[in-house]
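Undergrad: Coordinates for the following, if possible.
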Amino acid sequence: MLESFGRGLKMIGASVRMGWRDKRLLWPSFFTVLTNFFFGTLMLVQGIAFCQGNSGTVEHISKDSHLLLRHIQSGNWASAGSLNGAFDQSGWGSQAISGNSEHAWIAFVILAIWWLTNRFLEGVTTALVYSHLTEGPGTGKFSIAAKAVSSSMPAIIWLGLVTFLAKTIAGWLRGKKGAGVFGFSLGFLANLVQVFWTLAGHLILPAIVIEGASFWQALKRADKMASGNLLTIGFGEVGVDALFAGITWLMGALGMGAFYLAFSQGLLQTPLFVMAACTWAFCVILITAISIYIRAAFYTCLYVWAIEAETVTEMERHRVRPPAPLAAALA
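TA: Here you go, the predicted structure:
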């Protein structure tokens, strides 16, 4: 574990130095954080509207339920099921379904656009990092990278659909009880599907963006790299995820502790607290953006390494030097 953390620190340091030399590599990740705030706010507003709509529906249901009960107690069953009654197509049952369906579709559209925006910006980061690694610092152009990713959107949409399907299958397997299949527990199979597709998804995106491949071509490309033993290290082995998880937990604890202290001392309205809150929010944004950037940089480095390794024989692959951030992590 300590070795993994050490690799993670080296990877973070080398990636940040690379981004500091060419600051355009970092901008898509900061845009990702801002768009996450934006879409998160949209989902919050949609959730509030959903709750308010359900509140009105619940009141309507309550009134209709009392009316229905009086009809039934008086033996007037015809009125209970008559036009505009509770069980009629225009009654509260249909209103609840219609309202929920509308909110569900709006939420689905927001989530779909949110996912596509994140993948678009990740693709731009991938293209910029690839140019930096293969052509030198400052060679990548944001407009060219955005154009390349935009032309690959059909393949990225396919990636999203298959990713959703893989996660759905993984969730379905976790929800099932039983001995499993071929001696493996269903929970183990669910984790296997999720871990495999997480790795494959991050390798498919570089193939789509860098080589302009379709989704199925990129899938075959990633499978060829994996089956040819061209990929010898995974993101978890570098330990960046664990490091950022620990940092995020620490920042959350510091924020909650500072808020509780300010609340108990009556300092919430003071300039000092406002300044501290702004500093904390900036640190959270910075850490989140760097973590997004490093993940994209890692898989791009891994992909570039695999491209170079497959041009030589298996006996000569140990001579192929990984890109700088990955080489620092493996040193």
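Undergrad: got a list of what the closest residue to S4 other than its chain neighbours touches?
TA: Closest residue to S4 apart from its sequence neighbours, by CB to CB, 6 or more residues apart in numbering: G239 at 3.4 Å. C-beta here means a position set from N, CA and C on the backbone, and glycine is covered the same way. Residues near G239 by CB atoms under 8 Å, 6 or more residues apart in numbering: 1, 4-8.
Undergrad: Now intersect those with the helices, please.
TA: 4-8 (DSSP state H).
Undergrad: Mind checking which of those residues are buried?
TA: 4, 7-8 (16 or more other CB atoms under 10 Å).
Undergrad: Then A245 would be within a helix, right?
TA: Yes: according to DSSP: H, G, I helix; E, B strand; the rest coil, A245 belongs to a helix.
Undergrad: That one: how many residues sit nearby?
TA: 11 (other CB atoms under 10 Å).
Undergrad: Repeat that for L203.
TA: Neighbours of L203 using other CB under 10 Å come to 23.
Undergrad: next one: A14
TA: Other residues close to A14 by other CB under 10 Å number 21.
Undergrad: From here on, call the first residue 6.
TA: Sure, I'll start numbering at 6, so the last one becomes A19.
Undergrad: That one contacts P328, doesn't it?
TA: No: at 9.1 Å, A19 does not count as touching P328 under the criterion of CB atoms under 8 Å.
Undergrad: Give me the buried positions along stretch 316-326.
TA: R322.
Undergrad: whoops, stretch 26-34 was the one
TA: Buried residues in stretch 26-34 (16+ other CB under 10 Å): 27, 29-34.
Undergrad: Just send those back as CSV, with pLDDT too.
TA: As requested, those are exported to CSV (pLDDT from 0 to 100):
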residue, pLDDT
D27, 89
R29, 90
L30, 93
L31, 91
W32, 93
P33, 94
S34, 93
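Undergrad: Tell me the one among those nearest to S156.
TA: P33 (16.9 Å; CB to CB).
Undergrad: and that closest one, what element?
TA: helix 32-78 (DSSP states H and E).
Undergrad: ok, back up a step: roughly how far apart are the residue nearest to S9 and W221?
TA: Separation of G244 from W221 (CB to CB, to the nearest Å): 33 Å.
Undergrad: Also L166?
TA: Taken as CB to CB, the span from L166 to W221 is 12 Å.
Undergrad: do the same with E140
TA: 28 Å.
Undergrad: Check S219 and give its pLDDT.
TA: For S219, the model assigns a pLDDT of 91.
Undergrad: okay, now it: neighbour count?
TA: 15.
Undergrad: Just checking, which helix or strand of the protein averages the lowest pLDDT?
TA: helix 82-85 (a mean of 44; mean pLDDT, DSSP states H and E).
Undergrad: Quick check: F303 touching P328?
TA: No: the criterion here is CB under 8 Å, and F303 misses it with P328 at 9.8 Å.
Undergrad: average model confidence for the helix or strand containing A175?
TA: A175 belongs to helix 158-180 when assigned by DSSP H and E. Average pLDDT, helix 158-180: 81.
Undergrad: circling back: list just the nearest of the buried residues of stretch 26-34 to I297.
TA: S34 (4.2 Å).
Undergrad: Please enumerate residues in contact with stretch 272-284?
TA: 263, 266-267.
Undergrad: quick one: which of the residues you listed has the most company?
TA: For the contacts of stretch 272-284, neighbours tallied by other CB under 10 Å; top is A267, 18 neighbours.
Undergrad: Now do the contacts for it.
TA: 273, 275, 278, 281.
Undergrad: First-to-last residue distance for stretch 267-278?
TA: 7 Å (CA to CA, to the nearest Å).
Undergrad: again, but for stretch 267-287
TA: Stretch 267-287: ends 19 Å apart by CA to CA.
Undergrad: Same list (the buried ones among the ones in helices among the contacts of G244) but as a markdown table, adding pLDDT.
TA: What follows is these, written out as a markdown table (pLDDT from 0 to 100):
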| residue | pLDDT |
| --- | --- |
| S9 | 73 |
| R12 | 78 |
| G13 | 79 |
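Undergrad: which one of the residues you listed is nearest R226?
TA: R12 (26.0 Å).
Undergrad: Provide the backbone phi and psi angles at G141.
TA: phi 110, psi 160 (degrees, to the nearest 10).
Undergrad: All the strands of this protein, residue numbers only.
TA: Counting by DSSP state E, the chain forms no strands at all.
Undergrad: could you point out where it is predicted with low confidence?
TA: Scanning the chain with the threshold set as pLDDT under 70 gives 6-7, 58-105, 179-206, 231-243, 319.
Undergrad: how about the helices in it?
TA: With DSSP H as the criterion, the chain has helices spanning 7-26, 32-78, 82-85, 97-140, 147-156, 158-180, 191-216, 220-232, 240-243, 245-269, 276-314, 329-335.
Undergrad: Sort out which residues of stretch 33-48 are buried, please.
TA: So, applying 16+ other CB under 10 Å, buried residues of stretch 33-48: 33-38, 40-41, 44, 47.
Undergrad: now swap in stretch 13-22 and tell me
TA: Counting neighbours by 16+ other CB under 10 Å, stretch 13-22 gives 13-17, 19-21 as buried.
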